Structures are given as structure tokens and as C-alpha cells.
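> coords please:
(one chain, ligands or ions: 1)
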Amino acid sequence: MIVYLNGAYLERARAAVSVDDRGFLFGDGVYEVTRAVNGQLFEWERHARRLARGLEGLGIQLSGGLERIGLPEISERLLDENGLGTGDATVYLQITRGAAERRHHFPPAGTPPTVFLGASRLAVPEAIRAQGAAAITTADLRWGRCDLKTVNLLPNVLAKEQAVAAGAFEAILVRDGVITEGASSNVLAVIGGVLRTHPLMPQILAGITREVVLELAAEVGVPVALEAIPQDGLARASEVMVTATTADVMPVVKIDGRPVADGQPGPVARRLHAALCTRMGRAAVRAPAGATGPARPV
Ligand code: PDD
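Numbering: from 1, shown residues only. Okay, here's the model as predicted:
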């Protein structure tokens, strides 16, 4: 596989980042995971806006600005050169504050940020979608700026590991009695016929899939409320689902070992998933009933 690192295209195995890189030392950087369908980036402009907000939030400056790098062109070239011009793929992009002698405050002005991009095949978890996914709930131990998509993901890593150890697909994070989001997804629930999800605040990431799905809900006539879901509200939910670039709309049918409603994927999730697939220009795959697959996390 060919990747992009600081202006060069090179074999993935040859791509190396300095041990002084602040991404390595401090998790001092931001990232994006963008979906590609048949070589086309999905909602790139939204990812670019979120990335720009993240860079601004961290005070990372790129000389000549972000646009000058040509991130969408690099992404498309990586998809093409790596044989990912058809089917589902993702492009991972990371920008750190660069490599400099270790100190906590910012490095000297002019230290060039590190820019890395790599494309990969995405195995969309269709078998899990057909059956519905299991989730656990766990404490949201993250910092106060979860709206910035930083590579500082340790609480997410630990939460996801807890989910996987429990045989679940996702960890639903709970702070002060309400659901914020998933370890690597946003959480939505249908309660009293209304699709509810946490409003955009520093406590959650503004997921691109969430944003698109909320627009699609309005288009297909599903009422939406941007209200946090109390943890005890899950027992009243007729459906729970998570959204992410790597999972699309994933129905959650079991939480902490208890079924959500009748324990089957529901109609709202199915409809929103179909609408999302249409928007992505991708056929909504229906795995055969009873299909099993590895409980691959988002
Ligand atoms: N994560 N919330 C968190 C904490 C996330 O890490 C993600 C995605 C989302 C969903 O955002 P989007 O719809 O833009 O993918 C919400 C990516 C997929 C990851 O870290 O791999």
C-alpha cells in the first residue's frame, strides 16, 4: 500500500514518523476518517470543515493554509493507486503539531506539522447490521473538548476494549446520567416515536454520519429532537442505533445484556440506513437472515 507522508507518496512499510513527533509524545494532533464509495469521497466538505475547526481549536497552523495541501486530491490518488477505486474504503488522515524537542508548550514557530494520509479497504459490518449489534454502557472519562477530533483517544480505547471483552460492538458512554456518544460513534434512540440524540456541545463529536442521518430523518419524516438521552431512557427506547463513518447506521439490539424493545433491528434504523446508502451511492446490502459474522467493533 502507498501512503502519503509530508509531501511524499511511499510504501506504507517505509513511512516513518520521528520519535520526537508530538503526535507520538503527546497525542498532539487531529485526525479524520473519511468514507469513500467507488473512489468518491463521501461528504468531504463536512470532514474538511471539522478538520479545520479541530486545527484551529488546537492552534496548529499549516503554512499556506489547509487547502494548499490538497487533501481531497491526495485521498483520491491513494484510493486509485491502492486499488480502492471500487467498493467501500476509508481514508485516514492525521495532522500533528510536528516533531520538535520534547516540551509541553508549543514547539518553536515554524515547526512543520506532520501530515499523514492512508487509504484502506472497509469491511462494512453487514452481518452484524442484519442481526443488530450489542453494546455496553460505561463511564465517559474523556476531557472537556470531545468536539475536537484529536488523536488523544485513550478513554475511547479503554471503553472499546471493555465492549469487545464483553462480546459487544460498541461502548455507549455515560456522563452525569446521560448518554453522550459511543466510543467511536454517535448514539441515537427512538423514544416515544421521536429520534433523539445529544445536541452538539463540547461533550460530543459532531459526527458526519450523525449530521447526514439527521437531515435524512427530516427528509423521510422521522421527528427529531436534539436532546440528551438519559441512561434510564434506554429502557423506554423502541430503537437504539449508532452512527459512524465505518458502520453507517447500526441498530443496537442489546445493551448490557438486556434487549432493546423486542431485541430486533427496528424500522427507523433500517429506513435511515437505506436512505444513507442511497446518499452514498451504495446499494444497501441485506445480509441473509441468521447470517453471523465476527463482532467487529466500529
Ligand atoms: N470515529 N464519536 C466519536 C468519539 C468517534 O470517534 C466517531 C468516529 C464518531 C462518528 O463520527 P463520523 O460519523 O464522522 O465517523 C462519533 C472514527 C470512525 C474513528 O475514530 O475511527
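
> Pull the contacting residues for the residue minimising distance to the centre of the chain.
Centroid-nearest residue in the chain, with Cα atoms, centre = their mean: Ala244, separated by 4.4 Å. When contacts are counted by Cβ atoms under 8 Å, 6 or more residues apart in numbering, Ala244 touches Gly182, Ser184, Ser185, Asn186, Gly207, Thr209, Met250, Val298. The way it works is simple: take the backbone N, C-alpha and C, and place the C-beta from them, glycine included.

> How about Val252?
Gly132, Ala133, Ala134, Ala135, Phe169, Glu170, Ile172, Val187, Val240, Met241, Val242, Val260.

> Swap in 10 Å and give it another go.
132-135, 168-170, 172, 182, 185, 187-189, 234, 237, 239-242, 260, 265-266, 269 (Cβ atoms under 10 Å, 6 or more residues apart in numbering).

> In strands, which of those residues appear?
133-135, 170, 172, 182, 187-189, 239-242 (DSSP state E).

> ok, back up a step: quick check on the residue nearest to the centre of the chain: phi, psi?
Note on Ala244: backbone dihedrals following degrees, to the nearest 10 are phi -160, psi 160.

> can you check Pro230 too?
phi -70, psi 150.

> That one: neighbour count?
Pro230 is flanked by 16 other residues according to other Cβ atoms under 10 Å.

> can you check Gly64 too?
Count around Gly64 with other Cβ under 10 Å applied: 8.

> So it versus the ligand, what's the distance?
26 Å (Cβ to the nearest ligand atom, to the nearest Å).

> which SS class is that residue?
In terms of secondary structure, Gly64 is coil; the call rests on DSSP: H, G, I helix; E, B strand; the rest coil.

> Tell me how far it lies from Asp140.
Gly64 sits 37 Å away from Asp140, taking Cβ to Cβ, to the nearest Å as the criterion.

> Could you pick out the residues of the stretch 51-200 of the chain near the ligand for me?
Selection of the stretch 51-200 of the chain residues close to the ligand by Cβ under 6 Å from any ligand atom yields Asn156, Glu181, Ser184, Ser185, Asn186.
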